[in-house]
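Novice: Test case, fold it:
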Amino acid sequence: MAAFQKPKQPRRESQPSISHLTSHESMNGIPMTLDTLVLNAGNDTIDWQHLYFGSRLLNSKLRSEHRLECDRLGKGKLAMRRAIKVLGTLSRSQQNDSKVLGAEWSFSLKEIDRLKQQVSGLQSDNSEYSSRMEDLTSSLQKILLRLSEEIGAKTEDLHKKWIELDDKIANILREKQELPDTISKAMMKSMV
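Specialist: I've put the predicted structure just below:
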């Protein structure tokens, strides 16, 4: 855009007309052209220069406000994108945490079921063990009773045999003591 240099303050009658001011101006990159044939420069009594600079000032102000608004909207969009990213990250983290908690909960339930089965098995084994112990105790008591009876009978039999043996030993000793007398009596009879 061609820069317009503000002329020094000329006298009123020498101020340029609108055709001189705007023939090479443009707005937002679009050239502004006027049909100067319809303008009568001789009858031009309006302060076009003042209007022109006022419109340029207003246009610059609007452009500045527009840029500020665009910057504000851009920053807002950027902040929104960052917030969306943060929310997405938090959402993914929450989903991951939920998955981890779900997996841990499932594992805990399976572990509880396994422990319940073990306890049930131990209770069953304990019941079976108690029953077997009762059977073994009863069998052991029967065996001990039978052995006690057998030992008692054998002890009594051995006692009788010891008595018989003692009697036999006593008889043998008595016979041994009597043997010399018997021999001498027999010899005396044979001599007579």
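Novice: Could you check which helix or strand contains Gln141?
Specialist: Assigned by DSSP states H and E, Gln141 belongs to helix 48-191.
Novice: helices or strands up against that helix?
Specialist: Here helix 48-191 touches helix 18-22, going by 3 or more Cβ pairs under 8 Å, 6 or more residues apart in numbering; DSSP states H and E. C-beta coordinates here come from the backbone N, C-alpha and C atoms, glycine included.
Novice: Try it again at 10 Å.
Specialist: helix 18-22, strand 26-27 (3 or more Cβ pairs under 10 Å, 6 or more residues apart in numbering; DSSP states H and E).
Novice: Among those, show the one with the smallest mean pLDDT.
Specialist: When the helices and strands packed on helix 48-191 are ranked by mean pLDDT, helix 18-22 comes last with a mean of 46.
Novice: What separation do you get for the most centrally placed residue in the chain and Gln94?
Specialist: Compute the mean C-alpha point of the chain, and by Cα atoms, centre = their mean the closest residue is Val100, 4.1 Å away. Note on Val100: its distance to Gln94, by Cβ to Cβ, to the nearest Å, is 11 Å.
Novice: do the same with Glu69
Specialist: Counting by Cβ to Cβ, the gap from Glu69 to Gln94 is 36 Å.
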